[in-house]
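1. Kindly generate the corresponding structure for this input.
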Amino acid sequence: MQRVKPKRKLSQRAAILILVAILVAAGLLVWLVSALLREKPATVVTAVQMPCPYSDTIRPFGKNLLYYDGLNIHCISSTGSVRWSFQVGPNAGYDCNDETVAAWTGSTIFILDKDGNSSYNDSLGEEIQFARVGKQYVGAVIGNTETPRLVVKDHEGAHMDEEADAYSNLILLDLGFYGPNGQYMWTLALDVFGTAPNTILNTFEVGKMNTGEASLGEPITYSVLYENNMLRVVNTRKMLTFDYRGNEDAAGSVLVYGWRLLDTEVPERGDALLLFAPTSQTENLFDITSLRLLSGAKDKRFTMPANCVGATVWNKTIYALSSDQLFRAGMNDNRFTAFSLPLEAPATELIGTLTDGKAIVACGEEVFVLTLPQGFTVTTEACT
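-> A predicted model of the protein is given here:
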């Protein structure tokens, strides 16, 4: 019988050396793959055409978009399918957040949920000038321009508040809701009957009382947002800061003269991101060559690689659109990343962004939804 020799076991030292060699080889492989990825885009821009023509009635609506065709409001998904349609009639206006729609025509208001179901529709008794949607409430401005009345309903149509006396001889310009549950409301009104035009900021707790009033002077106020328990009020000269009761924090003001606010991103926690472009480059046709980002104590300027027709901020990232490219830069990036647009015609406008990282873009009369890439490619111009 032939004797089988037993296999020799590896010594402990040899086993360790082999293990080290395997780990080194694996690390080298990871490095090579990373190096290859650095030379190529991690993502690309894709485009889906929407079944609606370009219109100034197109609005982002969560992960979808809304479009009013002169009779119906349509909810369209980012893949181009019509999710629902609701007839509101001719000469209608509408406002929305990510989950609720308020539409109006004449004196009738409609409140719709995200699936297009009407939770309330009725006449408010007078012509509706405009309405705004909050987390809990809908505010509608009704009546004559110089003697307006403010009516507040919840999303089921229950009457919550009403105000008329505070706006005697004033023109109501805008309103909005703020606070953790949208329980507070701000309004902007214009006094044109004094010696000089004056914008007035009022703050309310819905269903309770007027919490504050502030005179903002002659500069045109055009945006109000709520972050870190403070109201940021942007006019053509400054960004002013107020607490939730309407008391101004003078130390929180920032000079923004010569800059126009394009877009904002307000996270649940932390500082908002406010994206500005030079006023002179946004007055008629957008021809943007530089941008400014304000966020907390940060004030950063960007020089664009090419003239852009629009810009937005999403997921703490700036995206700017030229006629044939999309540019990307994070808050801490020193250079832009350029992505080619998969469009046959030049892009003409960046309409807005969806909550899942897509942008609504116009190419003349056609409308597309583009993905916003989060990878990187060859870098271009430096940020400053």
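2. Could you use CA atoms for every contact and neighbour count after this?
-> Noted.
3. In three-state terms, how would residue 51 be classified?
-> coil (DSSP: H, G, I helix; E, B strand; the rest coil).
4. Verify the stated contact: it with residue 79.
-> No - using CA atoms under 8 Å, residue 51 makes no contact with residue 79, being 9.9 Å away.
5. can you pull out the strands in the stretch 151-300 of the chain?
-> Assigned strands in the stretch 151-300 of the chain, in chain order: 159-163, 171-178, 184-191, 198-205, 209-217, 221-227, 230-235, 238-243, 254-255, 259-265, 273-278, 288-295, 298-308 (criterion: DSSP state E, counting those that start in this stretch).
6. Mind telling me which of the ones you listed the model trusts least?
-> Note on the strands of the stretch 151-300 of the chain: strand 209-217 shows the lowest mean pLDDT, a mean of 86.
7. Who are the packing partners of that strand?
-> Identification of packing neighbours for strand 209-217 by 3 or more CA pairs under 8 Å, 6 or more residues apart in numbering; DSSP states H and E yields strand 198-205.
8. hey, which helix or strand in the chain has the poorest pLDDT?
-> strand 379-382 (a mean of 46; mean pLDDT, DSSP states H and E).
9. okay, the strands of the stretch 151-300 of the chain in CSV with distance to residue 361 and mean neighbour count next?
-> CSV is the format used below for the strands of the stretch 151-300 of the chain (distance: least, CA to CA, whole Å; neighbours: other CA atoms under 10 Å):
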stretch, distance to residue 361, mean neighbour count
strand 159-163, 38, 15
strand 171-178, 26, 22
strand 184-191, 30, 22
strand 198-205, 34, 22
strand 209-217, 35, 16
strand 221-227, 23, 19
strand 230-235, 26, 22
strand 238-243, 29, 20
strand 254-255, 31, 14
strand 259-265, 15, 20
strand 273-278, 18, 23
strand 288-295, 16, 20
strand 298-308, 13, 18
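10. so which of these gets nearest residue 147?
-> strand 171-178 (7.4 Å; CA to CA).
11. Parallel or antiparallel, which strands does that closest one pair with?
-> strand 184-191 (antiparallel) (DSSP bridges).
12. now the strand it pairs with, how far from the chain's geometric center?
-> 21 Å (CA atoms, centre = their mean, to the nearest Å).
13. For it, C-alpha coordinates in CSV please.
-> Only the C-alpha atoms of strand 184-191 are listed here, as CSV (Å, rounded to 0.1, in the frame of the first residue of the first chain):
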residue,chain,number,x,y,z
TYR,A,184,-48.4,81.8,11.8
MET,A,185,-49.0,84.1,8.8
TRP,A,186,-47.2,87.1,7.3
THR,A,187,-48.7,89.6,4.9
LEU,A,188,-47.1,92.3,2.8
ALA,A,189,-49.3,95.4,2.1
LEU,A,190,-48.5,98.6,0.2
ASP,A,191,-49.5,102.1,1.4
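14. Begin at 304 from now on, thanks
-> In the new numbering, first residue 304, that becomes strand 487-494.
15. Please list all residues in contact with residue 381.
-> Going by CA atoms under 8 Å, 6 or more residues apart in numbering, residue 381 touches 351, 353, 366, 367, 368, 661, 672.
16. whoops, residue 545 was the one
-> Counting by CA under 8 Å, 6+ apart, residue 545 has contacts 533, 534, 535, 536, 551, 552.
17. Many thanks, we can stop here.
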